[in-house]
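Asker: A structural model of the following input is requested.
(4 chains)
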Protein chains: 2
Amino acid sequence: MKETTLKQIAETLGISITTVSKALKNYPDVSAKTRNAVLELAKNLQYTPNSFAVNLRTKESRTIGLIIPEVVHHFFSNVINGIIAEAEKQGYLVIILQSNESMELEKKQVELLLNKRVDGIIISLSNESNGDEHIKEIMRREIPFVQFDKIAKLIPSSKVIINDQKAAFEATEHLIKKGCKKIAHIRGPVNPQNAIDRFLGYKKALEQNQIPFDSKLVYTCQNVTFEEGKTFAKQILADHPDVDGIFAITDLVAVGVLAHCNEVNVPIPQQIKIIGFSNWFMSQVITPKLSTVDQPSYEMGAKSFELLLEEMNARKDGKPFTPRTVELSTSIIERESSK
Amino acid sequence: MKETTLKQIAETLGISITTVSKALKNYPDVSAKTRNAVLELAKNLQYTPNSFAVNLRTKESRTIGLIIPEVVHHFFSNVINGIIAEAEKQGYLVIILQSNESMELEKKQVELLLNKRVDGIIISLSNESNGDEHIKEIMRREIPFVQFDKIAKLIPSSKVIINDQKAAFEATEHLIKKGCKKIAHIRGPVNPQNAIDRFLGYKKALEQNQIPFDSKLVYTCQNVTFEEGKTFAKQILADHPDVDGIFAITDLVAVGVLAHCNEVNVPIPQQIKIIGFSNWFMSQVITPKLSTVDQPSYEMGAKSFELLLEEMNARKDGKPFTPRTVELSTSIIERESSK
DNA sequence: GGTGTTTTCGAAAACGTTTTCGATATATAT
DNA sequence: ATATATATCGAAAACGTTTTCGAAAACACC
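Answerer: Numbers count the residues shown, from 1 in each chain, chains lettered A, B, ... in the order given. Take a look at the predicted model:
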């Protein structure tokens, strides 16, 4: 019931471990005869190299780490999908860890991965985090490293992002073109770069369309949940009954807004037009269907791994590596909520 | 820029590697003086044991593998959540692989994990799969192994399941109690045990309530998608205009049914009452809100890891291990679609 | 000072692989 | 025949840790 090793093959064949290893790896300095004998016996004994030993010897594990705020999230689970798929093609396995939007935990997860000696790390920062010590530590150790979506701008790693400001600008302008005059914005927490950028895009769109910006029309999420969407919708209706457009940081929140409006019979899109962000699956099955910004989540994952692979390969060859930033494009999806 | 090793610490302190190792692991046979010296230097040099070496030596990687049909799925992402959370508490990392509902791929993923020498494997079978060779291989190698949700009944491993038949029985009976006389069932593919069991539960509920079973009222999904839900809804309305209840294999399909009914203005629940399965988040935000069977997905993940841990620990201690099956309970959630 | 006990340490083997480099043996050329 | 090139192999080191076992040193006791 023991695992087959090179040693066993070598002994039964009466040759050295070295030769067995070479035969298996197609080294040129082993005769066809011995090679075949080794290959056959290896097959019969179902030999597979002990990856622990290989890891130790080659100093790589063909495993990467991924840290995201949460798995149960349409956007992130799609990203995971893209990363796993791309990684698998290249023979890499993926360890997934969650930060639960906590910087404390994120720090711990980074340490776990560092200690595990993964070949590379991909991360989307938690809301509390922003290029702190633990992120710098990754850079210091020169572990191949890619940030996506929620990034620390100042950390000079590879990055995969969308142009949040531009996308938010377009979303807001979409509402304006549809006739909205007074548009509220439910924004994300203060820290994350993408919440900031989306807010700036919103503001810019107002300014460029001669609509005065009013900070009272901006509501800030703590946890970016469905419930917050409902709460803020109620608040907006109470504070500013003449609001005719709402741009929410993400579809989940927008759906919360929609749910509240449905409950209190505020007609959407007649009285208020709504647009979300990220194109969650849910958005196309609710009533009314939610307009949103399509964000290529699968591609974001795939591209993130691609950049990571570039760096891993470069470092393996001892070549210098300069981080790259890839910006993926977004598009407005018009559905019933802004018709 | 090199990693610190036991050797380095030993040399700078002028002691042996053995003693350093023992000091760090709190062996009793090292004096307080040397221990402290080691501990301090280790801290200063930021020593962390090389996990590749530890793996090789201890023959365990503190890593487990998880194979599921797909990550982008409300149920499975919740399970992942439960597994990762529980694993982390015990110092285990989780490698996630997808079978994409393909047996071919599932087979490959099992091999990957086996070669990677993970300490244990948790799996939910693809629709095409049912205890085939690759699953038996896991058992043969005596790798700690847990199946959940979609299981191969005949494989004697630990299992975490719900009583699909009972849950489906209750769901169907719920519709009956609400007055439905002619209930259609959109079932899952032929292979998976849980699709079979849910179908049997549906059938049994009809029989026990003196409603004749009609195989023409059973529609079989291929891919269990939103689109299939829509398609079958259309078909049901055409084939059997007098159907007044539909029990769908999962919420995603039920939402498809709902979407079609909304499109063609079939009033839900007045004309047809609908119940789904799994309690996806989506179900509570659509119109009308979907009745469903709540399935404790997070707990399923957590429990799966728990059982795996039991087996991993038992095997480590060389103790015999007898697999356990844990059945988690479900509950009917009544919402608008069956009022 | 002898005997026995306890404390503290380190040599060495082992985990299984990869790779370098040198040693044969065989073939080719002069 | 000798010298040179080529084909085939294996010894050994290395990766960094853990653990067994024995040795040495320190201490106790009479």
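Asker: after the longest helix seen in chain A comes which helix or strand?
Answerer: Scanning chain A for the longest helix, with DSSP state H as the assignment, gives helix A:297-316. Past helix A:297-316, further along toward the C-terminus, the next helix or strand under DSSP states H and E is strand A:325-328.
Asker: Please give the centre-to-centre distance between that next one and its chain.
Answerer: Using C-alpha atoms, centre = their mean, to the nearest Å, the mean C-alpha position of strand A:325-328 is found 13 Å from that of the whole chain.
Asker: If we ignore the residues flanking it in sequence, what's nearest the residue most central in space within chain A?
Answerer: Centroid-nearest residue in chain A, with C-alpha atoms, centre = their mean: residue A:79, separated by 4.9 Å. Taking C-beta to C-beta, 6 or more residues apart in numbering or on different chains, and ignoring the residues beside it in sequence, residue A:79 has residue A:301 as its nearest neighbour in space, at 3.9 Å. Using the backbone N, CA and C atoms, a C-beta is placed for each residue, glycine as well.
Asker: residues in contact with the one you found?
Answerer: When the contact criterion is C-beta atoms under 8 Å, 6 or more residues apart in numbering or on different chains, the partners of residue A:301 are A:78, A:79, A:80, A:81, A:82, A:83, A:84, A:85, A:86, A:148.
Asker: what does the stretch 1-150 of chain A have sitting close to DNA strand C?
Answerer: Neighbours of DNA strand C within the stretch 1-150 of chain A, by C-beta under 7 Å from any atom of the strand: A:3, A:5-7, A:17-18, A:21-22, A:24-25, A:29, A:47, A:49-50, A:52-54, A:56-58.
Asker: List, one by one, the residues from chain A near DNA strand D.
Answerer: Taking C-beta under 7 Å from any atom of the strand as the criterion, the neighbours of DNA strand D within chain A are A:14-19, A:29-34, A:53, A:56-57, A:59.
Asker: Of the residues you listed, just the buried ones, PyMOL syntax please.
Answerer: Restricted to buried positions by 16 or more other C-beta atoms under 10 Å in any protein chain shown, the PyMOL selection for those reads:
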select buried, chain A and resi 15+19+30+53+56
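Asker: Look up how far residue A:17 lies from residue A:5.
Answerer: For residue A:5, the distance to residue A:17 under the criterion C-beta to C-beta, to the nearest Å works out to 9 Å.
Asker: which of the residues of chain A next to DNA strand D sit farthest apart?
Answerer: By the measure C-beta to C-beta, A:33 and A:59 form the most distant pair in these, at 33.6 Å.
Asker: So residue A:186: helix, strand or coil?
Answerer: On the three-state scheme (DSSP: H, G, I helix; E, B strand; the rest coil), residue A:186 is labelled strand.
Asker: quick revisit: save the contacts of residue A:301 as a markdown table, and put in secondary structure too.
Answerer: Conversion of the contacts of residue A:301 to a markdown table gives the following (three-state DSSP):
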| residue | secondary structure |
| --- | --- |
| A:78 | helix |
| A:79 | helix |
| A:80 | helix |
| A:81 | helix |
| A:82 | helix |
| A:83 | helix |
| A:84 | helix |
| A:85 | helix |
| A:86 | helix |
| A:148 | strand |
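Asker: Just the buried ones out of those residues, please.
Answerer: Buried residues within the contacts of residue A:301, counting neighbours by 16+ other C-beta under 10 Å: A:78, A:79, A:80, A:81, A:82, A:83, A:84, A:85, A:86, A:148.
Asker: What separation do you get for the fifth one and DNA strand C?
Answerer: What it means is residue A:82. Distance, residue A:82 to DNA strand C, by C-beta to the nearest atom of the strand, to the nearest Å: 30 Å.
Asker: Check the gap between that residue and residue A:75 for me.
Answerer: As defined by C-beta to C-beta, residue A:82 lies at a distance of 11 Å from residue A:75.
Asker: Give me the common contacts of these two.
Answerer: Where contact means C-beta under 8 Å, 6+ apart, the residues bridging residue A:82 and residue A:75 through contact with each are residue A:297.
Asker: count of neighbours near residue A:11?
Answerer: By the other C-beta atoms under 10 Å in any protein chain shown criterion, the neighbourhood of residue A:11 contains 13 residues.
Asker: and what of the one 10 residues further on?
Answerer: Neighbour count of residue A:21, defined by other C-beta under 10 Å: 16.
Asker: ok, for it, nearest residue in space, not its chain neighbours?
Answerer: Across the structure, with C-beta to C-beta, 6+ apart as the measure, the residue nearest residue A:21 apart from its sequence neighbours is residue A:6 (5.6 Å).
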